[in-house]
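Visitor: Structural data only, the sequence is not supplied:
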Ligand code: HEC
């Protein structure tokens with residue numbers, strides 16, 4: 001009993017060490033917190049993010065699927081709290097994005113820390129929902 005526990009622990013440790021968690025995976029884990037995801041979905045609707053963004057499709061603004069892999073968490077927090085300020089300070093990523101998206105500056109949404117955490121959790125949960133749907137479609141397509 002004790003022995004198998006030790007073996008299992010060793011296996012889990014090996015798996016954990018073999019796959020160091022990236023920031024994006026940390027977010028996906030946060031995405032598993034249903035209360036936070038719900039809060040994020042509310043903020044997403046209330047602040048009308050979907051007027052300009054899709055998750056898994058592009059609108060007038062960038063597709064937000066995979067954004068936690070493209071950007072550092074630090075950048076995302078700063079951007080979501082004050083996109084206008086970052087553009088004014090000439091943030092190189094923000095300015096390049098703005099050029100790419102018809103020079104439309106993203107408005108400030110006045111988000112709290114909890115709102116930002118919720119939005120990132122919501123985006124992560126939408127990404128995994130999409131990934132599951134794609135996987136099901138792929139399985140159905142197999143002869
Ligand atoms: C009026 C349109 C508009 C609204 C509303 C809007 N955005 Fe944006 N967003 C943009 C544009 C356009 C960009 C590209 C940068 C720029 O042009 O300022 C952007 C960039 C971003 C980025 C960076 C994307 C990347 O690839 O790095 C994130 C993250 C983001 N927006 C999240 C949000 C969230 C979350 C909301 C809701 C709270 C929101 N946006 C509301 C237009 C909008």
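Guide: Cool, the structure landed. A quick note: this is a predicted structure, and the numbers were derived from the prediction, not measured.

Visitor: Run through the residues of the protein sitting next to the ligand.
Guide: Proximity of the chain to the ligand, by C-beta under 6 Å from any ligand atom, involves residues 47-49, 51-53, 61-62, 64, 67, 70-71, 76, 79-80, 83, 87, 94, 97-98, 101, 104-107, 109, 119. All C-beta spots, glycine's among them, are computed from the backbone N, C-alpha and C.

Visitor: Drop anything exposed from these.
Guide: By neighbour count, with 16 or more other C-beta atoms under 10 Å, those hold 47, 49, 52-53, 61-62, 64, 67, 71, 76, 79-80, 83, 87, 94, 97-98, 101, 106, 109, 119 as buried.

Visitor: picking up where we left off before, select from the residues of the chain next to the ligand every entry located in strands.
Guide: The strands, defined by DSSP state E, take in nothing from these.

Visitor: Could you list every helix and strand in contact with the lengthiest helix in the chain?
Guide: Longest helix in the chain by number of residues (criterion: DSSP state H): helix 113-141. Packing partners of helix 113-141 (3 or more C-beta pairs under 8 Å, 6 or more residues apart in numbering; DSSP states H and E): helix 23-30, helix 34-46, helix 67-70, helix 73-81.
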